[in-house]
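[1] coords please:
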Amino acid sequence: MSQEMGSQPREGKVDQPPTLVHLICDKKAVAAFFQLLQQGVTIRGPVNASVRAVLCSHMGVDPKYLEDRIRTIFLDGKPVDDIDSALVKQGSVLALSGAMPGLVGAILRRGGPLAAMRREITHGGDAASATAGQGLFILKLFNLLMNEMGPALLDRGILIGDADMREFFRNRSGNFWSGCRGILVDGKEVDVSTLREQGWVGRNRVVSLRCTADDV
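    A predicted model of the protein is given here:
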């Protein structure tokens, strides 16, 4: 788990305006995107800011939820205990998980009684070496956090490489497509076949994706 949670981002900087894709889907179709969140998606947000600031101030995570539910945090491959001194930087990989079972889960748990056993690999915190500003970082969600945080994150919007987006759509079943109730590409409504046949790709390297749940 720790090696996967610390893998490096595949995307570099976004140097062109992204293609804007907004899907309005039922909840089952939204859940299909959770695999992307586990692989890692690019977020445009504050950099040179603390993990707490990124999660609570930018992403709207409730402080109590952060304390009670996000029990394991990796930043650039290192487990984090102090979320106020660990800074998310340009290109950082921030991975979040609920409490994991067993001895390994107990050792990796943020602020847990066994945290001292991993002292040599724990993130030591950062000195504020640059002014906080906007940038890009990679976010990964694991286990129960995909279900609990995923829908709001997808509705807020993520950035993903167009090759990964094409691959994702290529592997969707008919049930997924029947759950897509509205599709906008760069603000223009398109039908399912356009998205599925990928006639919209090729202009950009990056897709700005929003996926909104609409169960009525």
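[2] could you use CA atoms for every contact and neighbour count after this?
    Will do.
[3] correct me, but residue 18 touches residue 208?
    Yes - taking CA atoms under 8 Å as the definition, residue 18 is a contact partner of residue 208 at 5.7 Å.
[4] partner residues bridging the closest residue to residue 27 other than its chain neighbours?
    Spatially, and ignoring its direct neighbours in sequence, residue 27 is nearest to residue 213 (5.5 Å; CA to CA, 6 or more residues apart in numbering). Judged by DSSP bridges, the bridge partners of residue 213 are residue 25.
[5] so residue 213 makes contact with residue 31?
    No - counting by CA under 8 Å, residue 213 does not reach residue 31; the two are 9.4 Å apart.
[6] looking at the two, which has the bigger crowd around it?
    residue 213 (21 against 18; other CA atoms under 10 Å).
[7] next one: that one from residue 153, what distance?
    11 Å (CA to CA, to the nearest Å).
[8] check residue 21 too.
    15 Å.
[9] over to residue 174?
    Residue 174 is 25 Å from residue 153, by CA to CA.
[10] give me the more crowded residue out of these two.
    Per other CA under 10 Å, whichever of residue 174 and residue 153 has more neighbours is residue 153, with 18 against 8.
[11] for whichever strand or helix holds that one, buried residues please.
    Assigned by DSSP states H and E, residue 153 falls within helix 144-156. Residues of helix 144-156 classed as buried: 145, 146, 149, 150, 151, 152, 153, 154, 155 (neighbour count, 16 or more other CA atoms under 10 Å).
[12] got TSV for those residues, with distance to residue 45 too?
    Below are these laid out as TSV (distance: CA to CA, whole Å):
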residue	distance to residue 45
145	20
146	19
149	17
150	17
151	18
152	15
153	12
154	14
155	15
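[13] can I get those residues in CSV including pLDDT and distance to residue 27?
    Compiled in CSV, those are given as follows (pLDDT from 0 to 100; distance: CA to CA, whole Å):
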residue, pLDDT, distance to residue 27
145, 96, 16
146, 96, 13
149, 97, 13
150, 96, 11
151, 96, 9
152, 96, 12
153, 96, 14
154, 97, 12
155, 96, 12
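[14] those: which two are farthest apart?
    145 and 155 (15.1 Å; CA to CA).
[15] surely residue 54 meets residue 48?
    No - taking contacts as CA under 8 Å, residue 54 lies outside contact range of residue 48: 9.4 Å.
[16] higher neighbour count, those two?
    residue 48 (23 against 19).
[17] tally of neighbours for residue 175?
    Neighbour number of residue 175 under other CA under 10 Å is 10.
[18] helix, strand or coil: sort out residue 139 for me.
    strand (DSSP: H, G, I helix; E, B strand; the rest coil).
[19] repeat that for residue 17.
    Residue 17 ends up coil, using three-state DSSP.
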